[in-house]
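Asks: turn this into a model:
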Amino acid sequence: RVVGSNPSGRANMKKIFNLFIYVAVIIYSVEILLFIFSSDLQKSLVNIKGKRIEIAKERNINYDSRDPEIVFFEKKKEIKDLSVPFYYSSLFADFEAFKQAKEKKQIIPFRGPINKKTLSCAEDLNYRIINNDKYGFKNTKEIAKKKFFKAIAIGDSFTEGMGVDTNKTYPSLLSDEGILTYNLGVQGYSLSQSLGTLKMFSDNFDYEYILLNYCMGTHYYRDKIIKKYSQIKDKENNTEKKRFSGGIWSFDTEDHKPEVRDQAYYVTSGIWLATSFVRQSIKNLFQKKIEVTNPKFKPYTNWFIDIEKKISSINLNEFSLIEKPFLELNKFALKNNKKLIVIFHDYRGISYYEKATGKKLPNDTFDELNYLEKFFKKNNIILVNFSKIAKDYVDGLTADEIEKKLPYLEIDGHFNEIGYGLLVQELKKIIN
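Replies: Next up is the predicted model:
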C-alpha cells in the first residue's frame, strides 16, 4: 500500500464518474428517441430556412439564400436611406431617443422607422424594399401624401401585407382601383391593438370606411397573451404599468410552449407535457394517411389531418369573448360616423382542403364564422366572408391552374397578389 493513498475514495470517485456517464447516455438517448419519433413538421423547425430553400428548389421558385445582413449592406450602397425595420416594443421606454421624442411630443411609430426604406424579412425567401411613410406604416409615397381617403385598413400581417411589395398589399390594390385606402396594418396585432392604432392615427385623415381583417381563431390566443403581459407590476412604486404595445409575435416567442409553463410543477409533468407531440406522432403512425389530388397540396397534409381531427385550442364557450372588441370597434365607427367592414378569412389549409382531398370539410369547421355572422347581423356590422370566396376560387381551379394560381404564398402562408386581388374585387362591390 502506498502511503497517503485512499482506495475507498478512488472507488467512490469511480462510481460518481460512472453515474455521470450513465446519466449523460440516458439523456442523449432520450433526445435521439424524441427526434426520431417527432413529426416531420417538428423536425423542420430545426432549420426553417433550409427547409424553405428545399421546398423552393422542388417547386422551381426563385429564392435568395443570403443572410439579411449581407443583403442589407449591399442594398445600402444603392439606397442611402435604407434603414433597419422595427416594431414598437416596451423596451424602447429605456432608450434616450424615445425619451427625447416623448418630451418633444414627436411621433413614436408602431412600426418603422418613419420616412425610411427598409428590407423585408424574406419570409418567402425573397427580399423586398419596403417604403415606410411619415407615420411608419407600409404605404406607397403617393398614398402617404394624401389626406382624404375612402377607407382606412387596420389589422395584422394580412393587412400590412407580409410577403408582398408595398404596392401589392390589398390597401394599395384598392387604391389602384379608385378606392383610396390607407394601410394601418401591423403584423401580429390583436383586435384591441388595431383599435388602438386607429384611435391614435385616424384623426390625421378624412375617411368613410374602416376595413378590418380578422383571421379565424386568432383573437383568443392573442387576447390571452395580452392579458398576461399588458399589466406588469412596477415594484418600485407598486403601481400597474401598461407595457404591451409590440406585436403579438414578440410575446408569442417568449410564451413558447405556455402549456408547460402554466401546468407543469414538477420535472416529470414538464417532460410529459413537453413530449405530447411524440405521443401524437406515434398515434399518427397507425392512422390512415391523407391522399391528395395534386402534388401541390402535399405540404399541407398535416393541416388536413388537424382539420379532420378538429385540433383547435378554441372552446365553443369562448366564442362570446370575441364580442367585446368588435363592439368597441363598431362603437368607435358609429361615434365617428364611419362604416365598419370586417373581412373574415381562414388559413390556406381550410381553403385547400376540399380541392386537395376530394372530401367535404367537417361540419364544425366554420362554427366561429357562423357565430360571428349572427352577431354581426344583430349589430349591423358588414361582414365579408372571404373564407367562402377563397375556397370557391380554389375549388374552381383546374389541375394546370393549381400550379400557378393558388391565392396564398407557397412558403409563407399570407395571401399573394392573387388572393389580395380577389379580396379587392369583393370590397369594390360593397363600397361602390
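
Asks: now do the SS call for the closest residue to Val292 other than its chain neighbours.
Replies: Using C-beta to C-beta, 6 or more residues apart in numbering and skipping residues adjacent in sequence, the residue nearest Val292 is Ala356, 4.6 Å away. Placement of C-beta: from N, CA and C, glycine included. Of the three states, Ala356 takes helix according to DSSP: H, G, I helix; E, B strand; the rest coil.

Asks: same thing with Phe73?
Replies: Assigned by three-state DSSP, the conformation of Phe73 is helix.

Asks: could you measure from it over to Val84?
Replies: Distance check for Phe73 against Val84: by C-beta to C-beta, to the nearest Å, it reads 11 Å.

Asks: ok, Leu184 - contacts?
Replies: The contact partners of Leu184, taken as C-beta atoms under 8 Å, 6 or more residues apart in numbering, are 137, 152-154, 159, 194, 197-198, 201-202.

Asks: ok, now with 6 Å
Replies: Contact criterion C-beta atoms under 6 Å, 6 or more residues apart in numbering gives 137, 152, 154, 197 as the residues in contact with Leu184.

Asks: and if you look at Ser120?
Replies: Ser120 is in contact with 127-128, 130, counting by C-beta under 6 Å, 6+ apart.

Asks: just send the residues you listed back as CSV, with secondary structure, pLDDT and distance to Lys298 too.
Replies: As requested, the contacts of Ser120 are arranged in CSV below (DSSP: H, G, I helix; E, B strand; the rest coil; pLDDT from 0 to 100; distance: C-beta to C-beta, whole Å):
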residue, secondary structure, pLDDT, distance to Lys298
Tyr127, coil, 88, 27
Arg128, coil, 88, 27
Ile130, strand, 91, 32
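
Asks: show the average pLDDT along the strand or helix carrying Ile350.
Replies: Under the criterion of DSSP states H and E, Ile350 resides in helix 348-357. Per-residue pLDDT over helix 348-357 has a mean of 94.

Asks: pull out the buried positions in that helix.
Replies: Of the residues in helix 348-357, 348-353, 355-357 count as buried by neighbour count, 16 or more other C-beta atoms under 10 Å.

Asks: ditto for stretch 80-96
Replies: By 16+ other C-beta under 10 Å, the buried positions in stretch 80-96 come out as 82-83, 85-88, 90, 92.

Asks: pick out the most distant pair among those.
Replies: Using C-beta to C-beta, the two most remote members of those are Leu82 and Ser90, lying 26.4 Å apart.

Asks: helices along the stretch 51-200 of the chain, start to end?
Replies: According to DSSP state H, counting those that start in this stretch, the stretch 51-200 of the chain carries its helices in the segments 68-78, 96-103, 141-144, 157-160, 170-176, 191-201.

Asks: contacts for the first one?
Replies: Counting contacts by C-beta under 6 Å, 6+ apart, the residues outside helix 68-78 that touch it are 82, 119, 127.

Asks: show me the contacts for the first one.
Replies: Neighbouring residues of Leu82 by C-beta under 6 Å, 6+ apart: 75-76, 117.

Asks: contacting residues around the residue nearest to Tyr209 when sequence neighbours are not counted?
Replies: Nearest residue to Tyr209 in three dimensions, chain neighbours excluded: Ala151, at 3.8 Å (C-beta to C-beta, 6+ apart). Going by C-beta under 6 Å, 6+ apart, Ala151 touches 181, 207, 209, 211.

Asks: before we move on, back to that, now the weakest link among the helices of the stretch 51-200 of the chain, please, by mean pLDDT.
Replies: Mean pLDDT is lowest for helix 96-103 out of those, coming in at a mean of 82.

Asks: name the residues that touch that one?
Replies: Residues beyond helix 96-103 that count as contacts (C-beta under 6 Å, 6+ apart) turn out to be 92, 108.

Asks: off-centre distance for it?
Replies: In terms of C-alpha atoms, centre = their mean, to the nearest Å, the centre of helix 96-103 is found 30 Å from the chain centre.

Asks: cool, stretch 372-389 as well?
Replies: For stretch 372-389 - counting by C-alpha atoms, centre = their mean - the centre lies 22 Å from the chain centre.

Asks: send the alpha carbons of it over as PDB?
Replies: C-alpha atoms of stretch 372-389 as PDB (Å, rounded to 0.1, in the frame of the first residue of the first chain):
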ATOM      1  CA  LEU A 372     -70.000  35.900 -35.900                       C
ATOM      2  CA  GLU A 373     -72.400  36.100 -38.800                       C
ATOM      3  CA  LYS A 374     -75.300  36.100 -36.400                       C
ATOM      4  CA  PHE A 375     -73.500  38.600 -34.100                       C
ATOM      5  CA  PHE A 376     -72.700  41.000 -36.900                       C
ATOM      6  CA  LYS A 377     -76.200  40.800 -38.300                       C
ATOM      7  CA  LYS A 378     -77.600  41.700 -34.900                       C
ATOM      8  CA  ASN A 379     -75.200  44.700 -34.500                       C
ATOM      9  CA  ASN A 380     -75.400  45.900 -38.200                       C
ATOM     10  CA  ILE A 381     -71.700  45.200 -38.900                       C
ATOM     11  CA  ILE A 382     -70.900  44.500 -42.500                       C
ATOM     12  CA  LEU A 383     -69.200  41.100 -43.000                       C
ATOM     13  CA  VAL A 384     -67.100  40.000 -46.000                       C
ATOM     14  CA  ASN A 385     -66.900  36.200 -45.900                       C
ATOM     15  CA  PHE A 386     -63.600  35.800 -47.600                       C
ATOM     16  CA  SER A 387     -63.300  32.200 -46.500                       C
ATOM     17  CA  LYS A 388     -66.000  31.300 -48.900                       C
ATOM     18  CA  ILE A 389     -64.600  33.500 -51.700                       C
END
